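Visitor: turn this into a structure:
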Amino acid sequence: MNTSKRTMGRFTAVLLTVLVIAAAFCLPVSAAETTYTLPDVGMTLTLPEGVQILTPTTPADDPVWGTAKVLDTTEKITQMNEDGILAEIYAFDGACTIAVSAKSSDYSQAIFNLNYVDEDAKADFMERMQPTSMDGRTTGSAEWYDNETIPFFRIDIQSEAIEEGQTVHERLYGTIFDGTLVALDLYNGAEEIPEEYDALMRQIVDTAAFPEFQPEPSAEVTPEMVWMLVVLGLLIALIVGFFVYRSVVNRRDKREKHAMADRLAAYRQSKLGHEDEGDGALRFVNETEHSDNAIKVFANFQAYRRRLFAPLFTILIGLVALYVVAQSGSSDNWWILLLLAACIVYSVYKIATASTSVTKAMIRSYSKMRSRKAAYYFYEGDFRITGLQASNLHPYFQITRMYETKEYFYMYFGEENTYFIAKDGFEQGDAESFREFMREKIGKRLK
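Guide: Numbering: from 1, shown residues only. Sure, this is the predicted structure:
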């Protein structure tokens, strides 16, 4: 009887052992917790059991890709690299995908660490994080999410899908650590984000661990910074100086135009009844043909001696600004660099084609006139121009500026009207005595 009991007891123990082992093999096996460290950042996340993670460095033949329902692993890895995705966390049989990213910008460098922000900076930061769009299709909310080691923020985004005509949902948890913005982003398509998905994200965020926080960098003045400030000051001074100069010139021109109008009115009044009579003795007579070649010579003078300042100044401003922006070292300023380079190229193009543009415009204008030959009669008190237009007398003070070149005198009535006086076209008098005569009449306006 005792032997039978002992045998029965041994059999029972063996049976229980077999059942326990069998049960252990029959139970589903869950993956243990996984620790993931973001490369080049040092931030560590702990993933709960049953959650899988894939990175661009995960081998293409790893069976986890299949579990995550990724068919073309090569294309997926390429896409992750292009989008700057460090890892993707898969849960709930692949229905929930959380993208992990980390990037640095001027703004994240300025914040540096969310532990260091005061209340004003926090309010400004949260205002910047509010999801909006110019077309009003994107709305949402942003709020602070406290963590034991470093604050996080949570952003909910709702966007109207243009093609589908429905609202898509996205949720992001992020923080700024040592100048780097780290984000966990869940895009859930047209479905609202379930509470269990958000609970998983909070669980992962709550495990965030960091190495020792670096101190916020102080603003040290370096020789490079001093030089940049000098260059930036020069740029500002050039721009302000240009606008001040233009303002002064415009006011002066306006005053001179009013004074000129009054003097011309008085002159016309004094000539009533004597419109065809020059004032005093005839001193010089000149005939000048406004040929295509004469127009080309004048166009070169006008483009490269009279109107070269503005495009050259634009190029100078563009080069200084280009240097300042390039030295800032920010990758976000590429569009400013492109815009400045385009302005410089355009200014160079305008300089290169200025003479041709002036020539074409003037040839079109002169082709409509009845004659291209101008006859000038310079009296002691005034002068007459005929040929290009109806014969009219003009006072010498109407000449706003006059230039002498190797072959011509260029006589300006404002900036709109210019007359050519060829040095070899004098029928009475000569170029040398004419120069002295005009210097007496208009003084420093003869260049």
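Visitor: middle-most residue in this protein, spatially?
Guide: Nearest residue to the geometric centre of the chain (C-alpha atoms, centre = their mean): I336, 3.0 Å.
Visitor: give me the distance between that residue and Y267.
Guide: 54 Å (C-beta to C-beta, to the nearest Å). In this view, the C-beta of every residue, glycine as well, is placed from N, C-alpha and C.
Visitor: one more: V345?
Guide: Taking C-beta to C-beta, one finds V345 at 48 Å from Y267.
Visitor: give me the more crowded residue out of the two.
Guide: The neighbour comparison of V345 against Y267 (other C-beta atoms under 10 Å) goes to Y267, with 17 against 12.
Visitor: next secondary structure after the helix or strand harbouring that one?
Guide: Here Y267, judged by DSSP states H and E, is contained in helix 223-270. Next in sequence after helix 223-270, counting helices and strands by DSSP H and E, comes strand 282-289.
Visitor: after that following strand comes which helix or strand?
Guide: Where DSSP H and E defines the elements, the next helix or strand beyond strand 282-289 is helix 292-301.
Visitor: if we go by neighbour counts, what in that next one is buried?
Guide: Using 16 or more other C-beta atoms under 10 Å as the test for burial, helix 292-301 gives 294-301.
Visitor: wait, isn't D292 in contact with I363?
Guide: Yes. Using C-beta atoms under 8 Å, D292 makes contact with I363 at a distance of 6.2 Å.
Visitor: next, count neighbours for the residue nearest to the residue nearest to the centre of the chain when sequence neighbours are not counted.
Guide: Nearest residue to I336, sequence neighbours excluded (C-beta to C-beta, 6 or more residues apart in numbering): V325, at 5.1 Å. When counting by other C-beta under 10 Å, one arrives at 16 neighbours for V325.
Visitor: before we move on, what about K441?
Guide: Other residues near K441 number 19, with proximity taken as other C-beta under 10 Å.
Visitor: surely it and H394 touch.
Guide: No. Using C-beta under 8 Å, K441 makes no contact with H394, being 11.5 Å away.
Visitor: which strand in the protein has the most residues?
Guide: In the chain, assigned by DSSP state E, the strand with the most residues is strand 167-177.
Visitor: residues contacting stretch 247-265, please?
Guide: Defining contact as C-beta atoms under 8 Å, 6 or more residues apart in numbering, one finds that stretch 247-265 is touched by 395, 397-398, 400.
Visitor: change it to 6 Å
Guide: By C-beta atoms under 6 Å, 6 or more residues apart in numbering, the residues outside stretch 247-265 that reach it are F397.
Visitor: which residues belonging to it are considered buried?
Guide: Across stretch 247-265, burial judged by 16+ other C-beta under 10 Å covers M260.
Visitor: and for stretch 74-92?
Guide: Neighbour-count burial for stretch 74-92 flags 76-77, 80, 85-91 (criterion: 16+ other C-beta under 10 Å).
Visitor: just the terminal-to-terminal distance for it.
Guide: This stretch, stretch 74-92, spans 24 Å end to end (C-alpha to C-alpha, to the nearest Å).
Visitor: same question, stretch 42-51
Guide: OK, stretch 42-51 end separation, C-alpha to C-alpha: 21 Å.
Visitor: report the mean confidence score over that stretch.
Guide: The pLDDT scores in stretch 42-51 average 90.
Visitor: chain center to it, what's the gap?
Guide: Taking C-alpha atoms, centre = their mean, to the nearest Å, one finds the center of stretch 42-51 at 40 Å from the center of the full chain.
Visitor: for stretch 201-220, same thing?
Guide: 32 Å.
Visitor: ok, now stretch 361-381?
Guide: Distance, stretch centre to chain centre, for stretch 361-381: 47 Å (C-alpha atoms, centre = their mean).
Visitor: my reading is that W334 lies in a helix. Confirm?
Guide: Yes. Residue state for W334 (DSSP: H, G, I helix; E, B strand; the rest coil) corresponds to a helix.
Visitor: run a quick neighbour tally on the nearest residue to S371 once chain neighbours are set aside.
Guide: Nearest residue to S371 in three dimensions, chain neighbours excluded: G387, at 5.2 Å (C-beta to C-beta, 6+ apart). Using other C-beta under 10 Å, the number of residues around G387 comes to 18.
Visitor: ok, now Y419?
Guide: Close neighbours of Y419, defined as other C-beta under 10 Å, add up to 19.
Visitor: identify the bridge partners of it.
Guide: With DSSP bridges as the criterion, Y419 is bridged to M411.
Visitor: wait, doesn't it sit right on M411?
Guide: Yes. Taking contacts as C-beta atoms under 6 Å, Y419 lies within contact range of M411: 4.6 Å.
Visitor: in the stretch 101-250 of the chain, which spans are strands?
Guide: For the stretch 101-250 of the chain, applying DSSP state E, counting those that start in this stretch gives strands covering 138-145, 152-160, 167-177, 180-187.
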